[in-house]
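**Q** sequence? don't have it. structure:
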Ligand SMILES: Nc1nc2c(ncn2[C@@H]2O[C@H](COP(=O)(O)OP(=O)(O)OP(=O)(O)O)[C@@H](O)[C@H]2O)c(=O)[nH]1
């Protein structure tokens, strides 16, 4: 017997191929489609089955399987059409109905039937002969789109079949019907002419930007996220539903589901490219001021005094609220003050690449003069290239000596105008509100010289001053608009997050709809809490905002701390690459004598290729502020007989700041010289393994003083070296002479345990001292290798 294809047999049986395909499934005959060939046995089986079954039953079966996309018809109309059908069935089906229609129609199916079968001509035609009735059914079916199955897919996917006869019909996005996803039973319309070539596979494509999250990819492919995560795991990628995948990973895992991934190019810089302004578009903008100064010199008092001289806010009776910055209206212009005094916030922002401050107001108490943090503030401002206006405060005090302050500051490069310099000075009393107006005028004068301008007529860009998670409102951030105008409804990217401006409030707590350059405003509608110093950029739509945010999050993960800090080890490389021309150092030492000696000796090391620039030098422990200054300025910190606290060390690690510790000056000089020449190759490096605190002292006869300690971190080993720190200063560096627990000698003591320690040749210990245990490890001579390579290259 000649080979029979499904469609041929369907023709012979006078039913559609599709109907036959359904029947074949019931008969347990698995075929691919209407073009599939049937074996002789199968044909016989089918013919027999069809001979047994009255045609009416076949029709009913088909009707029950229909599932139109939507069900809008009310259920109560159901019986009418159903009756019609039942009539037909009774007429033509004898007794075998149950056998071949095992599933009684559900309500849903009946309603669906009602909808699909409700064609006006239907009733009059019900008495036609059965074949004709079948034909009508068939024609109707052909007119209709392929019947939808269980799932709808998202529009992002391109599904295209390359078979002529299945060219897709356009449907509204919500109701795109998908062919039944059983590969063996792919539907097709009955063929008009026999085609012999097998159908080409369906190509399914997903478009992605720089990244796509696991959840998004799963949704786009119509698979469960869990399934995708499992698959990723089998590929060695541990992921969560919100994890962004890069193109390579996404395409690899998608191919496992027979999907293709296409990357639609996107470069953050292109999308966020600043729009250059024409000179005529630039309008004057208020200056942004940060108040700095030594502890207790009156920064907070000054900010309060200014806020209260702000007549407008008092007149309007507005409630001033802390949003990180406030705005002062003056006759001659306006000034914006950043509400967080001190240089730490200032430098922290700068470390993140954001410079919002135009002018620094340096507060110096007239009775106290220049102090440690006064110098520090000057250095921070100088490094940032921000002009300083000096406010000599507390002039109301009887022992106030403004002239002395001026002299001290002149030595630091801040010479007053009256002495031939260019620094503006105001003498004030923040407490008694004396001279505040004069100070504000001087600020405006300084601003005038700076010619601060911005274009208000473009999409806004700003900097986050403060951000937090508000219990009721979600993430909120105070943003200082740098240029353009920020409006309600704007879509934006902000640091790693994105959003749409839902609401904005000014420093008086008033709701505002738009904000221009230099103005601070608290915004709502961000997807997460950004960090101070993050930029906010308004973009065209949410899609772009989201995409950039995902891209940044991915990049941040990748970057995991690979920040381009300068270290003595990479210094030579950076000089060679032309990346740096000077080595910036921050010196912290235990005594002023060392500070001076180090400054002098180090400055002399400058060569033609590289200048040694000591941007800050002082006595005292290494602070967070030092780390931030180093990070913002790409400086290396030198700790001379000084150690930072664990918190500061963590920050240094996070900010990738290189801290070098020395207790012998020539060693430091040797290292700097070697690093300049690219010859620095420390063979040994210290590794801190534990930290303990002295909580009690015991005098033990013959042994001396024993420290009762509590191990706070890591472990202390009998064999390790130890350093004793008192207020961050190294008071001892040597070896343990004993390590005991309950009078027993032990080899090591772990975190959370108490122990007794004594030190070789050292008894001058105190309660509160910190013991840092460390080992000296051999490290790979990467620098030597590089130096050798260099020499080889040269010769
Ligand atoms: N007599 C006098 N006292 C002042 C003046 N300004 C501030 N003070 C006092 O100086 C002390 C410190 O003032 P703050 O404004 O807290 O100083 P600060 O610089 O903000 O201090 P920190 O926040 O600790 O860095 C307070 O007791 C103030 O009352 C002033 O003009 N005259």
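**A** It's in. None of these values were measured; they are calculated from a predicted model.
**Q** residues near residue 356, how many?
**A** A count of nearby residues for residue 356, using other C-beta atoms under 10 Å, gives 22. Every residue, glycine included, has its C-beta placed from N, CA and C.
**Q** what about it, distance to the ligand?
**A** 20 Å (C-beta to the nearest ligand atom, to the nearest Å).
**Q** for the spatially closest residue to that residue that is not a sequence neighbour, give its distance to the ligand.
**A** Leaving aside its sequence neighbours, residue 356 sits nearest to residue 463 (C-beta to C-beta, 6 or more residues apart in numbering; 4.9 Å). Separation of residue 463 from the ligand (C-beta to the nearest ligand atom): 23 Å.
**Q** the helix or strand residue 463 falls within: which residues count as buried?
**A** Residue 463 is part of strand 461-470, with elements assigned from DSSP states H and E. Applying a neighbour-count criterion of 16 or more other C-beta atoms under 10 Å, one finds 461, 462, 463, 464, 465, 466, 467 buried in strand 461-470.
**Q** dump the residue contacts of the third one.
**A** Right, residue 463. 349, 354, 356, 479, 480, 482, 533, 534, 535, 536 (C-beta atoms under 8 Å, 6 or more residues apart in numbering).
**Q** check what pLDDT residue 572 gets.
**A** Note for residue 572: predicted pLDDT of 65.
**Q** residue 766 too?
**A** pLDDT, read off for residue 766, is 92.
**Q** likewise residue 138?
**A** 49.
**Q** what's the neighbour count on the residue of the stretch 501-650 of the chain found nearest the ligand?
**A** Across the stretch 501-650 of the chain, no residue is closer to the ligand than residue 625, which sits at 12.3 Å (C-beta to the nearest ligand atom). Neighbour count of residue 625, defined by other C-beta under 10 Å: 21.
**Q** just to revisit the earlier point, in whichever helix or strand comes after the strand holding residue 463, what's buried?
**A** Downstream of strand 461-470, the next assigned helix or strand under DSSP H and E is strand 474-483. For strand 474-483, the neighbour count (16+ other C-beta under 10 Å) marks 475, 476, 477, 478, 479, 480, 481, 482, 483 as buried.
**Q** how near is the last one to the ligand?
**A** In this structure, residue 483 lies at 31 Å from the ligand, with C-beta to the nearest ligand atom as the measure.
**Q** with the second one instead?
**A** As defined by C-beta to the nearest ligand atom, residue 476 lies at a distance of 24 Å from the ligand.
**Q** could you do the first one as well?
**A** When distance is defined by C-beta to the nearest ligand atom, residue 475 is 27 Å away from the ligand.
**Q** who's that residue bridged to?
**A** residue 469 (DSSP bridges).
**Q** which other helices and strands contact the helix or strand harbouring residue 231?
**A** For residue 231, the host element (DSSP H and E) is helix 225-234. Applying 3 or more C-beta pairs under 8 Å, 6 or more residues apart in numbering; DSSP states H and E, one finds that helix 225-234 contacts helix 214-221, helix 247-256.
**Q** centre of the chain to the first one, how far?
**A** With C-alpha atoms, centre = their mean, to the nearest Å as the basis, helix 214-221 stands 20 Å off its chain's centre.
**Q** likewise for stretch 428-443?
**A** For stretch 428-443, the distance to the chain centre is 42 Å (C-alpha atoms, centre = their mean).
**Q** from now on call the first residue 33
**A** Yes, from this point I'll number from 33; that puts the last item at stretch 460-475.
**Q** buried sites along that stretch?
**A** 460, 461, 462, 465, 466, 467, 468, 471, 472, 473, 474, 475.
**Q** just these now: which is nearest residue 418?
**A** Closest approach to residue 418 among the buried residues of stretch 460-475 (C-beta to C-beta): residue 475, at 12.5 Å.
**Q** which element is that closest one on?
**A** helix 468-482.
**Q** hmm, that helix touching the ligand?
**A** No - shown here: helix 468-482 not in contact with the ligand (C-beta under 6 Å from any ligand atom), separated by at least 10.0 Å.
**Q** could you tell me which residues of this structure lie near the ligand?
**A** 325, 327-333, 373, 425-426, 428-429, 461-463.
**Q** any of those buried? List them.
**A** Buried among the residues of the chain next to the ligand by 16+ other C-beta under 10 Å: 325, 329, 330, 331, 333, 373, 425, 426, 428, 461, 462.
**Q** ok, and the closest non-adjacent residue to the third one?
**A** Residue nearest to residue 330 in three dimensions, not counting chain neighbours: residue 425, with 4.2 Å by C-beta to C-beta, 6+ apart.
**Q** in contact with that neighbour, which residues?
**A** 325, 329, 330, 333, 334, 395, 396, 397, 398, 460, 461, 462.
**Q** ok, residue 334 - how many residues close by?
**A** Neighbour number of residue 334 under other C-beta under 10 Å is 24.
**Q** which non-adjacent residue is nearest it?
**A** For residue 334, the spatially nearest residue (C-beta to C-beta, 6+ apart) is residue 462, at 4.3 Å.
**Q** was I right about the one you found contacting residue 336?
**A** Yes - between residue 462 and residue 336 there is a contact at 7.4 Å, judged by C-beta atoms under 8 Å.
**Q** in the stretch 433-582 of the chain, which spans are helices?
**A** 434-443, 468-482, 574-591 (DSSP state H, counting those that start in this stretch).
**Q** what is the burial count for residue 400?
**A** 21.
**Q** what does residue 482 give?
**A** 12.
**Q** any stretches of this protein with poor pLDDT?
**A** Within the chain, the stretches with pLDDT under 70 are 33-34, 85-235, 242, 297-299, 342-353, 588-612, 710-716, 810-827.
**Q** so how far is stretch 449-464 from its chain's centroid?
**A** 44 Å.
**Q** what does that stretch contact?
**A** 330, 333-334, 336-337, 395, 398, 420-428, 434, 438, 441-442, 446-448, 466-468, 470-471, 474, 477-478.
**Q** re the thing from before, in the helix holding residue 263, what counts as buried?
**A** For helix 257-266, by 16+ other C-beta under 10 Å, it's 257, 260, 261, 263, 264.
**Q** quick one: it to helix 246-253, angle?
**A** 110 degrees (axes from the mean of the first three to the mean of the last three C-alpha atoms, to 10 degrees).
**Q** returning to that earlier point: in helices, which of the contacts of residue 425 fall?
**A** 333, 334 (DSSP state H).
**Q** for the contacts of residue 425, which two are the farthest from each other?
**A** 325 and 461 (14.5 Å).
**Q** picking up where we left off before, can you say which of the helices of the stretch 433-582 of the chain is nearest to residue 624?
**A** Among the helices of the stretch 433-582 of the chain, helix 434-443 sits nearest to residue 624 (C-beta to C-beta), with 15.5 Å.
**Q** gap between the closest one and the chain center?
**A** 46 Å.
**Q** residues contacting that helix, please?
**A** 396, 398, 401-402, 422, 424, 427, 447-448, 451, 453, 455, 457, 459.
**Q** domains of this protein?
**A** 36-84, 236-297, 318-483, 493-593, 613-711, 715-811 (the TED database).
**Q** between the two ends of the shortest one, how far is it?
**A** In domain 36-84, first residue to last residue: 21 Å (C-alpha to C-alpha, to the nearest Å).
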